[in-house]
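Enquirer: Here is the input, now give the coordinates:
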Amino acid sequence: MGFDYVIVGGGSAGCVLANRLSQNPAHSVCLIEAGPKDDSLLIRTPIGFAGMIGKEAFDWCYHTEPEAELNNRQILWPRGKTLGGSSSINAMVYIRGHHSDYDEWSSLGNPGWRYKDMLPYFKKSMNQERGESEYHGTGGPLNVADLNSVNPLSNSFVRASVQAGQPYNYDFNGAEQEGCGLFQVTQKGGERCNTARAYLRNIENRVNLTIKTDTAASHIQFQGKKACSLVVIENGVEKEIEINKEIVLCGGAINSPQLLLLSGIGPAEELEQHNINMVHNLPGVGKNLQDHLDVTLVQRCGQSVSFGRSAKYLLNNALAPLNYYLNRQGPLSSNVSEAGGFAKTDPGLDKPDLQFHFLPVSMVDKAAEHGYSLHTCQLRPKSRGEITLHSSDPTAPAKIHANYLSDRSDLDVLIKVVKIAQSILQQKEFDFYRTGYLSPTHEFSNDDDIETFIRSEASTIFHPVGTCKMGKDDMAVVNSRNLKVKNITNLRVIDASIMPTLIGGNTNAPTVAIAEKGADLILKDSA
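Expert: Here you go, the predicted structure:
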């Protein structure tokens, strides 16, 4: 016996699809997740994400190929490998991007994807604890809240930003994105609200929903160009899951194109290189990879208020676990990335082109010293990378060619971005805390100095998208009207990989909204 819908990937998008498609008891739904259940205390406890990055129990632990413009470094790319996917290991920051990002998608040949088209899905997905408004909804599965506890350094960052000339912003997801402030987070009652908790926890006993964890997809079987079954690896054994209606790929920007390639859908020359039988020559699969390249400035803090491992800090916070257990407050309730904002490198720009994430902790030597860190990234890079195969082995990781800074203009913008971040950290607000530099170890003397630092230290801020982009051009992989893979029957992609361009902000909330819209498209077709 097969299933009507088989969803591949129980992450940020897959959990949404599993909930919405199984609301109709006539639909049999199977959700496949390569990782385990999301029942770890590290997942539930917000600050626990710091202990999951780079740990194979929760993280795919991908690495890029050597990056030519980053001194041939291989960059760690964490991706969630558990129910909830990356929403289980991220910093819980709830950001949608700029309104015009979605309008641009529409202008690229994707009608129905403007901001005004997407806003109802953002509102449908969320329960905004501040209440309902023009831009926010209540009653949805994904809880969006203000932080229960805020480190004083995070408030100082906001004040320093204003001193540096940036406007204060109470709501980055409202009418205006520009400015600095405290982030809202996907938490509920001081605990992480990942998409598994939000969309699965209350419905996982539906008789028409089957959830398979520790089950990895191997490849899709076709009859001609019609998807008919999914081959999975469960307990080391290959098994075939038949489908009655559709397979929906929700693996994200790395795993979704990889599965298409392993199944014979992608550029003909690559399939031939790995001796994979071609089902359809689709040249855009794995191409158009985009990500936010991040640069972090770290200063030493003379006060023991930042998160750290000093004896004084540990003594002062000895009761923090008890406080969290009783009240869900204190440092254990922190997402660490508590504050941030959006700014322009040129006042003449029509929207912000950089983002800040402020962390009241030193990102040097695992917080051995007290410090604070300002992450900053360029929001709309022109550089493009690709996902390709190492081999036809489904257990082998894909090759990630991020191609950071391959377009020189990205480096020029990033140098400006670093200067703006530096100006914030030099404000009077930080005089009480600042006692020196940790990274870089000195003030930058010129642009060449900044460039050298970028090439040696820049890394990802974890926002890969675009590798199965929607559109009408020859490199598009899915049709924007229904998110079906072009020229293939019974197969859709619904996740961050369909974004034609990277949005100006964190990508988790947009992925959830994409999944909400995708579910509606499927249900409309099945009616």
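Enquirer: mind checking the SS state of L521?
Expert: At L521 the chain is in helix, as set by DSSP: H, G, I helix; E, B strand; the rest coil.
Enquirer: now G340
Expert: Under the three-state scheme (three-state DSSP), G340 adopts strand.
Enquirer: Tell me how far it lies from A458.
Expert: Between G340 and A458 the distance is 18 Å, computed by Cβ to Cβ, to the nearest Å. Using the backbone N, CA and C atoms, a C-beta is placed for each residue, glycine as well.
Enquirer: of these two, who's got more company?
Expert: Between G340 and A458, counting by other Cβ atoms under 10 Å, G340 is the more crowded of the two (28 against 24).
Enquirer: wait, what's in contact with the more buried one?
Expert: 93, 180-181, 183, 355-358, 375 (Cβ atoms under 8 Å, 6 or more residues apart in numbering).
Enquirer: again, only using 6 Å
Expert: Contact analysis of G340 by Cβ atoms under 6 Å, 6 or more residues apart in numbering lists 183, 356-358.
Enquirer: now N173
Expert: N173 is in contact with R96, counting by Cβ under 6 Å, 6+ apart.
Enquirer: The one 10 residues further on too?
Expert: In this structure, F183 makes contact with 93, 340, judged by Cβ under 6 Å, 6+ apart.
Enquirer: picking that back up, between the contacts of G340, which has the most around it?
Expert: Most neighbours among these, by other Cβ under 10 Å: F358, with 29 neighbours.
Enquirer: Surely it is in contact with V336?
Expert: No. Assessed by Cβ atoms under 6 Å, F358 is found out of contact with V336, at 9.6 Å.
Enquirer: got the buried residues for the longest strand seen in the chain?
Expert: Secondary structure of the chain read by DSSP state E shows that its longest strand is strand 237-249. Across strand 237-249, burial judged by 16 or more other Cβ atoms under 10 Å covers 241, 243, 245-249.
Enquirer: Equivalent analysis for stretch 72-91, please.
Expert: Neighbour-count burial for stretch 72-91, counted by 16+ other Cβ under 10 Å, picks out 73, 75, 77-91.
Enquirer: Quick one: mean pLDDT over the helix or strand hosting C377.
Expert: Assigned by DSSP states H and E, C377 belongs to strand 371-378. Mean per-residue pLDDT for strand 371-378: 98.
Enquirer: Need the residues that contact that strand.
Expert: By Cβ under 6 Å, 6+ apart, the residues outside strand 371-378 that reach it are 153, 292, 294-301, 306, 354-360, 362-363, 413-414, 417, 421, 425, 438, 461.
Enquirer: Just the buried ones from the residues you listed?
Expert: Buried, going by 16+ other Cβ under 10 Å: 153, 292, 294-301, 306, 354-360, 362-363, 413-414, 417, 421, 425, 438, 461, out of those.
Enquirer: Run through the residues that contact N244.
Expert: Residues near N244 by Cβ under 6 Å, 6+ apart: 2, 4.
Enquirer: and if we set it to 7 Å?
Expert: Residues near N244 by Cβ atoms under 7 Å, 6 or more residues apart in numbering: 2-4.
Enquirer: swap in T489?
Expert: Neighbouring residues of T489 by Cβ under 7 Å, 6+ apart: 225-227.
Enquirer: let's see it at 6 Å
Expert: The contact partners of T489, by Cβ under 6 Å, 6+ apart, come to K226.
Enquirer: Quickly note the distance from the closest residue to A216 other than its chain neighbours to H370.
Expert: Leaving out its chain neighbours, the residue that sits closest to A216 by Cβ to Cβ, 6 or more residues apart in numbering is A34, at 4.1 Å. Going from A34 to H370 by Cβ to Cβ gives 38 Å.
Enquirer: looking at the protein, which helix or strand is least sure?
Expert: Ranked by mean pLDDT, DSSP states H and E, the weakest helix or strand in the chain is helix 311-316, scoring a mean of 77.
Enquirer: what comes up buried for that helix?
Expert: By 16+ other Cβ under 10 Å, the buried positions in helix 311-316 come out as Y313.
Enquirer: moving C-terminal of that helix, what's the next helix or strand?
Expert: Where DSSP H and E defines the elements, the next helix or strand beyond helix 311-316 is helix 320-327.
Enquirer: Find the residue ranges of this protein scoring beneath the pLDDT cut-off.
Expert: The chain contains residues with pLDDT under 70 at 1.
Enquirer: so W105 touches G112, yeah?
Expert: No. Judged on Cβ under 6 Å, W105 makes no contact with G112 at a distance of 9.4 Å.
Enquirer: neighbour-wise, which of those two wins?
Expert: For W105 and G112, the more surrounded residue by other Cβ under 10 Å is W105, and the numbers stand at 26 against 12.
Enquirer: tell me the secondary structure for the closest residue to the more buried one other than its chain neighbours?
Expert: Among residues not flanking W105 along the chain, W113 sits closest, at 4.3 Å (Cβ to Cβ, 6+ apart). Secondary structure, three-state DSSP: W113 is coil.
Enquirer: Now do the phi/psi pair for W113.
Expert: Dihedral pair for W113: phi -120, psi 20, per degrees, to the nearest 10.
Enquirer: K366 now?
Expert: Torsion angles at K366 (phi, psi; degrees, to the nearest 10) stand at phi 50, psi 40.
Enquirer: Just give the closest residue to it, not the sequence neighbours.
Expert: Sequence neighbours aside, R309 is the residue nearest to K366 in space, at 7.5 Å (criterion: Cβ to Cβ, 6+ apart).
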